[in-house]
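K.L.:
Got a predicted structure here, sequence first:
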Amino acid sequence: MRFWGQRFSLLLLIAVAIGLLIFSRTDTDTVDRVEAVAHDAGAPFLDMLSRPIDGLQSLIGSLRSLVDLQAENESLKEEMQRLRGWEAVARRLDHENQVLRSFLNAKTEGLGPVIAGRVIGDAGGPYVRAVLVNAGSQQGVAKGQAVTDGRYVIGQVITAGRLSARILLITDLNSRVPVMIERSGDRAILAGDNSPLPSLKFLPVGAELQEGDRILTSGDGGVFPARLPVGEAVITPDGLKIRPLVDFARLEYALILDYHFPELREPVEEGPALEVAAP
Amino acid sequence: MRQRTADWSIEGTIKAVLPGLSAFLCVMLTAVPYGVPQLSIVMPWLGIMPIYYWSIHEPRYLPYWLAFLVGLWQDMLTGGALGLFALIFLLVRHFVGRQRLLFFKKPFLVGWCGMALVLMGASAGGWLLASLYEGALLPASAFVVQTMLSIMIYPLIAWAMGGLWLVVSD
């Protein structure tokens, strides 16, 4: 009797597992919601387990910094001088940009506050390229938002729980990011394939990708703000691929961008024509 | 035939939950970011090791439903195909449990070889199922490296499980 009971429970559970596999393929929204709840439940434990490792990494980093303190100090001074020059340029360009936008009645990009989340989980293995962060809908995180490490694109939010969110990395098989080649402005789609080096798809006819080309977000589709650095072209035995600029191994924090696609321009109302001063 | 009755004392309860807890902990340890380049891609498959170990040593404390739940938990943390690890862990629990006497109280090397075979079969099955699910072949090299790393790290997990078994066994 016990044998048959066990055999029945085994067959039932196998059927449930196969049913779940089919269901998760067909109803991704429900699965996302269930996974978000599970991530919320696991987030405190993952947070607790990841803290000692973070502490150890910080300690190793601090010890390295102590060894290289003088050299680092010199290089930081040089970099500061260089950045001061760039700050002046950036301020001038920002001012100029604002003035020109006001002339054109252009809508500014709707970049809201940035939400920071600590990376607490990295469980995808060879199956999925994704990380879990300890920021969720309570902090304003929502599905589809773009994520950076502060400088470079990491990916986008795929599920958002109350306290945690899962970020699909740009290297994942299911990741598609609209990008452009900085040098030529040619548009394409950056497609992950679970390998460390994603590739460019749908490049226009005649467009040429060269080694070292920087790849930026194009802003098409309205998920990612335009001109965020993503990667650079490298030569591999399989042809030119894109090496992400972000160092996924040292990813401690993820910055989630509360970005809204700029609304379409409203029709220009009848009014006084813009007067342009003659030189 | 003498029936084994459930032991509801504190000690009995601890013994009963330790195998399951160790399996959940191993799954969680797989998910922690270690900050080592590329490690997350080929992170050793720690979750399958307690399933294998307890299927041999204390199958009564790892019923099918528990192996299923541990797999489901790994599915949710991974964020891939829901039910994939649940199915794999369930099959590992079943087949290893049926052949447990081949490995029970045998030299460690025998158990290690058994784990290696299970890992190779489970990885190949996981790769095939995940590729079917995604509709594209996943890079097999990551699975091969993950399997090799998992085989190498098994003695450490087996040693930790061995310590727990001293507590769990009567």
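P.N.:
Right, received. Where do you want to start?
K.L.:
tell me which residues in the helix ranked longest in chain A are buried?
P.N.:
Longest helix in chain A, counting residues (DSSP state H): helix A:28-67. For helix A:28-67, a neighbour-count test (16 or more other C-beta atoms under 10 Å in any protein chain shown) marks A:31-32, A:35-36, A:38-40, A:42-43, A:45-47, A:49-50, A:54, A:57 as buried. To be clear about C-beta, it is placed using only N, CA and C from the backbone, and glycine gets the same treatment.
K.L.:
again with stretch B:85-101
P.N.:
Within stretch B:85-101, judged by 16+ other C-beta under 10 Å, the buried ones are B:85-94, B:96-97, B:100.
K.L.:
picking up where we left off before, tell me which of the buried residues of helix A:28-67 is nearest to chain B?
P.N.:
Using C-beta to the nearest C-beta, A:Ala38 comes nearest to chain B of these, at 3.9 Å.
K.L.:
Leaving aside the residues adjacent along the chain, what's closest to the closest one?
P.N.:
Among residues not flanking A:Ala38 along the chain, B:Met76 sits closest, at 3.9 Å (C-beta to C-beta, 6 or more residues apart in numbering or on different chains).
K.L.:
before we move on, back to that, which one among the buried residues of helix A:28-67 gets closest to A:Ile181?
P.N.:
Taking C-beta to C-beta as the measure, A:Ile181 lies nearest A:Asp32 of the buried residues of helix A:28-67, at 32.8 Å.
K.L.:
middle-most residue in chain B, spatially?
P.N.:
In chain B, the C-alpha nearest the mean C-alpha coordinate belongs to B:Ile48, at 1.8 Å (C-alpha atoms, centre = their mean).
K.L.:
Can you name the residues of the stretch 101-250 of chain A that neighbour chain B?
P.N.:
A:119-132, A:158-159, A:166, A:173-174, A:193-196, A:247-250 (C-beta under 8 Å from any C-beta of the partner chain).
K.L.:
so where is the chain shaky, pLDDT-wise?
P.N.:
No chain was given, so I picked chain A. A:1, A:105-112, A:261-279 (pLDDT under 70).
K.L.:
ah, I was thinking of chain B
P.N.:
Ranges of chain B meeting pLDDT under 70: B:1-6.
K.L.:
Just after the longest strand seen in chain A, pick out the following helix or strand.
P.N.:
If each strand of chain A is counted by residues according to DSSP state E, the longest one is strand A:110-121. Following strand A:110-121 in sequence order, the next helix or strand is strand A:130-133 (DSSP states H and E).
K.L.:
that older thread, so which bits of the longest strand of chain A are buried?
P.N.:
For strand A:110-121, a neighbour-count test (16+ other C-beta under 10 Å) marks A:Ile115, A:Gly117, A:Arg118, A:Val119, A:Ile120, A:Gly121 as buried.
K.L.:
Tell me the strands beside it, with direction?
P.N.:
In the sheet, strand A:110-121 lines up against strand A:130-133 (antiparallel), strand A:253-260 (antiparallel) (DSSP bridges).
K.L.:
mind putting those strands in a markdown table, mean neighbour count included?
P.N.:
Compiled in a markdown table, those are given as follows (neighbours: other C-beta atoms under 10 Å in any protein chain shown):
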| stretch | mean neighbour count |
| --- | --- |
| strand A:130-133 | 28 |
| strand A:253-260 | 19 |
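K.L.:
Intersect the buried residues of stretch B:85-101 with the contacts of chain A.
P.N.:
Counting by C-beta under 8 Å from any C-beta, the members of the buried residues of stretch B:85-101 near chain A are B:Ala86, B:Leu87, B:Leu90, B:Leu91, B:His94.
K.L.:
Name the nearest residue to the second one, sequence neighbours excluded.
P.N.:
Distances taken as C-beta to C-beta, 6+ apart put A:Ala17 closest to B:Leu87, at 3.8 Å, once the chain neighbours are dropped.
K.L.:
I'd guessed that neighbour sits against B:Ala86; true?
P.N.:
Yes - contact criterion C-beta atoms under 8 Å: A:Ala17 and B:Ala86 qualify, at 4.5 Å.
K.L.:
any common contacting residues for those two?
P.N.:
B:Phe68, B:Gly71 (C-beta atoms under 8 Å, 6 or more residues apart in numbering or on different chains).
K.L.:
In chain B, which helix is the longest?
P.N.:
Determined from DSSP H, the single longest helix within chain B is helix B:140-168.
K.L.:
Just the buried residues of that helix, please?
P.N.:
B:142-144, B:146-151, B:154, B:157-158, B:160-161, B:164-165, B:168.
K.L.:
again, but for stretch A:227-235
P.N.:
Neighbour-count burial for stretch A:227-235 [16+ other C-beta under 10 Å]: A:Leu228, A:Pro229, A:Val230, A:Gly231, A:Ala233.
K.L.:
so of those, which ones are in helices?
P.N.:
Those of those lying in helices (DSSP H): none at all.
K.L.:
want to throw these into a markdown table with distance to A:Leu209?
P.N.:
Below are these laid out as a markdown table (distance: C-beta to C-beta, whole Å):
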| residue | distance to A:Leu209 |
| --- | --- |
| A:Leu228 | 19 |
| A:Pro229 | 16 |
| A:Val230 | 13 |
| A:Gly231 | 11 |
| A:Ala233 | 5 |
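K.L.:
Among those, which one sits closest to chain B?
P.N.:
For those, the closest approach to chain B (C-beta to the nearest C-beta) belongs to A:Gly231, at 16.2 Å.
K.L.:
Now that closest one: closest residue in space, sequence neighbours ignored.
P.N.:
A:Ile242 is the one closest to A:Gly231 (C-beta to C-beta, 6+ apart), at 4.1 Å.
K.L.:
ok so the one you found is a strand residue?
P.N.:
Yes - according to DSSP: H, G, I helix; E, B strand; the rest coil, A:Ile242 belongs to a strand.
K.L.:
any idea how far it is from chain B?
P.N.:
Counting by C-beta to the nearest C-beta, to the nearest Å, the gap from A:Ile242 to chain B is 16 Å.
K.L.:
you'd agree that residue is up against A:Gly192?
P.N.:
No - in this structure A:Ile242 lies outside contact range of A:Gly192 using C-beta under 8 Å: 9.6 Å.
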